[in-house]
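Asks: have a look; sequence and predicted model below, questions after that.
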Amino acid sequence: MTTIYSLPLEIIDQILLETVKLNEKNGVAYTFGLSQLPASLDKNIPTNVQKYVRGPTPIYQLKWDAVANLRQVCQYWHEWGLRYAVRDIYVKNWMGSERWLDLTADRARYPLYEMNIRPKGEKVYRNPYLTLQHTREFLEKCDGAAAHVRRIWFNGLYIPETDSEIIATIRSCKNLDIASIPWSILRHSSPQDLAALLTKDGEYPLRALELQAITLSEQQRDLFAKAPLQNPLISPLVNFSQLRKLKLFGNTNIFPINDRDLFAIAKTATNLDEFHMTCISTITMDGVMAIVRASQKTLRVLEHSPRSDDGFMHPHPGYLSNGDHICELLTSCPKLEDVSISIPNMCADLFSNKDVRWKDDCQVRARGICGEENLNSNSAQKKLAMLLEQARNLISARGSGTMPTYLTLELFFAEMIFDPHLHAVHGSFEDATIEGVWPSETTSSSKGPYGSTGLFGKEEEEEFQQISERDFFAGLGQNFIRL
């Protein structure tokens, strides 16, 4: 007799996937909250407990509810349901550290609870790290579930107490592929713990690591400072050679990630496919290029967007202490395709290698021109013109080779944005405009000080205009504008 089990596993998987998608659509997609208004002398103002819809049900809870029935059918469906529900785990700090005692925790009963017109309840303290503790306990007890975890993300957990819980949680996930953890792990974990995270013996070794940093409160900073400080990165046990993606995100006000850390990582991080460094200003070009050199043969994506505490302005990225030419180093990465980088200086050499694999939209942010101290000198202006022309040559070469590839270059320089392929310059030229004299033509620009995202409503911002490169260099030559 033909049954559902007679079907190929691929078809069964698709049937199960469609089933859980319908379950998610028809499941409880919201969460309740209770609140109580302050006492008032006006009797017309209610002060009793109020019920409200707090927000949507988190995705991981929707997935768990959607496979609840499937996991009771048979062993294969049980394993399939576990794999679907716990493949991605998101653990965060419980904001508020309190809950209402009479608010049901059973989401299946929400339709009945919604009919309650007289809710009641009392506030009770809740351990803000209870979710993390329950996750650790669950994964330690259920090896089968822990084996299905491929990605885990910890958010809002940055104190020594939670660091030990995070390390214990990750230790249970033998086949973890992607981990997003606080930078504090680099300060509070032992070499053995960090080595166990990076060099797993499971079927799926760790491929991607994200280290998040955040500015701590005074109380959190005191707790952080009191914990024993360890430096596992200098240990020979720690090996980043299996890692394919490394991402550093965020600034902090205590023991931030710095060049010394990246020098230690670069000793073994020789196979990175992607390196991202965003919103972190405690690392200079020395640290960035140490990683680039280590993974020079394999690096495909490079994002270096340090930005400052203001949120969008990029701080000076620093210089290479050994005097190497950054433009030549970047073009010597044979597999590099996706580039968004802040460098101290740039020149035509950055675009001179026609064999590079750059494609799509690439961005370069620079403060100066290589070998020039005075940006308004004739030699600096000639080098800038050569740079823009060389950028156009590279765009043309990438689009007309044996395997044509689309490429655009966006250059941020001297508080302006250059689009070489359009022969266009975007900037604030309103004060320098002389009606009927310069520029010959100006149009409104969709770009702003932060690129294509335009303006952010800050007082110091000015709307950008677009002019041609010809007008731009003519304005430089007649001192209408200066760099």
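Replies: Structure received.
Asks: contacts for the strand or helix carrying residue 225 next, please.
Replies: According to DSSP states H and E, residue 225 maps onto helix 218-226. The contact list for helix 218-226, computed with CB atoms under 8 Å, 6 or more residues apart in numbering, reads 158-161, 184, 187, 216, 253-255. From N, CA and C alone the C-beta is placed, and that goes for glycine too.
Asks: and for stretch 250-270?
Replies: When contacts are taken as CB under 8 Å, 6+ apart, the neighbours of stretch 250-270 outside the stretch itself are 183-184, 186-187, 211-216, 221, 224-225, 229, 233-234, 238-241, 243, 246, 248, 278-284, 286-288, 290-291, 293-295, 298, 309.
Asks: can I get that stretch in CSV? Just the C-alpha atoms.
Replies: Included here for stretch 250-270 are C-alpha records, laid out as CSV according to Å, rounded to 0.1, in the frame of the first residue of the first chain:
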residue,chain,number,x,y,z
GLY,A,250,30.3,48.4,17.5
ASN,A,251,32.4,50.6,19.9
THR,A,252,32.7,50.1,23.6
ASN,A,253,34.0,52.0,26.6
ILE,A,254,36.0,49.2,28.2
PHE,A,255,38.7,46.9,26.8
PRO,A,256,37.7,47.4,23.1
ILE,A,257,39.0,45.2,20.3
ASN,A,258,42.2,46.8,19.0
ASP,A,259,45.1,46.3,16.6
ARG,A,260,46.8,44.0,19.1
ASP,A,261,43.9,41.6,19.0
LEU,A,262,43.8,41.6,15.2
PHE,A,263,47.5,41.0,15.0
ALA,A,264,47.0,37.9,17.2
ILE,A,265,44.0,36.8,15.0
ALA,A,266,45.9,37.3,11.8
LYS,A,267,48.5,34.7,12.8
THR,A,268,46.1,31.9,12.0
ALA,A,269,43.2,33.6,10.1
THR,A,270,44.6,32.6,6.7
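Asks: still on that earlier bit, and the contacts of helix 218-226, which is closest to residue 329?
Replies: Distance to residue 329 across the contacts of helix 218-226 (CB to CB) is lowest for residue 255, with 29.1 Å.
Asks: any idea how far residue 361 is from that closest one?
Replies: As for residue 255, its distance to residue 361 is 35 Å (criterion: CB to CB, to the nearest Å).
Asks: residue 112 now?
Replies: Between residue 112 and residue 361 the distance, using CB to CB, works out to 52 Å.
Asks: the more surrounded of those two?
Replies: Neighbours per residue (other CB atoms under 10 Å) separate residue 112 from residue 361, with residue 361 holding more: 14 against 10.
Asks: pretty sure that one sits against residue 410.
Replies: Yes. Using CB atoms under 8 Å, residue 361 is in contact with residue 410, at 6.7 Å.
Asks: next up, the contacts around the residue nearest to residue 273 when sequence neighbours are not counted.
Replies: Spatial nearest neighbour of residue 273, chain neighbours left out: residue 244 (4.4 Å); criterion: CB to CB, 6 or more residues apart in numbering. Remark: with contacts taken as CB under 8 Å, 6+ apart, residue 244 is in contact with 207-208, 271-274.
Asks: biggest separation within these, which pair?
Replies: For the contacts of residue 244, and using CB to CB, no pair is farther apart than 208 and 271, which are 12.4 Å apart.
Asks: quick one: low-confidence parts of this structure?
Replies: Counting by pLDDT under 70, the chain contains low-confidence ranges at 1-2, 32-55, 95-105, 113-114, 116-117, 119-124, 200-204, 308-316, 449-462.
Asks: ok, and residue 161, which helix or strand is that part of?
Replies: Under DSSP H and E, the secondary-structure element containing residue 161 is helix 160-172.
Asks: which secondary structure elements does that helix sit against?
Replies: Identification of packing neighbours for helix 160-172 by 3 or more CB pairs under 8 Å, 6 or more residues apart in numbering; DSSP states H and E yields helix 130-141, strand 151-155, strand 178-182, helix 185-188, helix 191-198, helix 218-226.
Asks: which other helices and strands contact the fifth one?
Replies: Applying 3+ CB pairs under 8 Å, 6+ apart, we find helix 191-198 packed against helix 160-172.
Asks: ok, residues contacting the helix it packs on?
Replies: Helix 160-172 is contacted from outside by 91, 93, 129, 132-133, 135-136, 139-140, 143, 146, 152, 154, 157, 176, 179, 181-182, 184-185, 188-189, 193, 196-197, 223-224, 226-227, using CB under 8 Å, 6+ apart.
Asks: mind listing what's buried along it?
Replies: Buried residues in helix 160-172, counting neighbours by 16 or more other CB atoms under 10 Å, are found at 160, 162-172.
Asks: list the buried residues of the helix ranked longest in the chain.
Replies: Longest helix in the chain, counting residues (DSSP state H): helix 378-399. Of the residues in helix 378-399, those with enough neighbours to count as buried (16+ other CB under 10 Å) are 380-381, 383-384, 386-388, 390-391, 394-395, 397-398.
Asks: so what strands line up beside the helix or strand following that helix?
Replies: Proceeding C-terminally, helix 378-399 gives way to strand 407-413 as the next helix or strand, assigned by DSSP H and E. Based on DSSP bridges, the pairing partners of strand 407-413 within the sheet are strand 360-369 (parallel), strand 416-419 (antiparallel).
Asks: what residues of the shortest one count as buried?
Replies: It refers to strand 416-419. 416-419.
Asks: repeat for the longest one
Replies: In terms of neighbour count (16+ other CB under 10 Å), strand 360-369 has its buried residues at 362-369.
Asks: turn these into TSV, including distance to residue 426.
Replies: Compiled in TSV, the buried residues of strand 360-369 are given as follows (distance: CB to CB, whole Å):
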residue	distance to residue 426
362	17
363	13
364	15
365	14
366	16
367	18
368	19
369	19
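Asks: gap between the residue nearest the centre of the chain and residue 303?
Replies: When the chain is reduced to its mean C-alpha position, the closest residue under CA atoms, centre = their mean turns out to be residue 249, at 6.2 Å. Taking CB to CB as the criterion, residue 249 is separated from residue 303 by 10 Å.
Asks: need the overlap of contacts for these two.
Replies: Taking CB under 8 Å, 6+ apart as the contact rule, the neighbours common to residue 249 and residue 303 are 276-278.
Asks: most neighbours out of these, which is it?
Replies: Using other CB under 10 Å as the contact criterion, the top neighbour count among the shared contacts of residue 249 and residue 303 goes to residue 277, which has 23 neighbours.
Asks: span of stretch 213-232 from start to end?
Replies: The stretch stretch 213-232 measures 18 Å between its terminal residues, going by CA to CA, to the nearest Å.
Asks: ok, and for that stretch, which residues are buried?
Replies: So stretch 213-232, judged by 16+ other CB under 10 Å, has buried residues 213-214, 216, 220-221, 224, 230, 232.
Asks: do stretch 325-344 as well
Replies: 326-327, 329-331, 333, 336-344.
Asks: number of residues surrounding the nearest residue to residue 7 once chain neighbours are set aside?
Replies: The spatially closest residue to residue 7, leaving aside those adjacent along the chain, is residue 15, at 7.9 Å (CB to CB, 6+ apart). Residue 15 has 11 neighbouring residues, counting by other CB under 10 Å.
Asks: so residue 15 sits right up against residue 9, yeah?
Replies: No. Residue 15 lies out of contact with residue 9 (CB under 8 Å); the separation is 10.5 Å.
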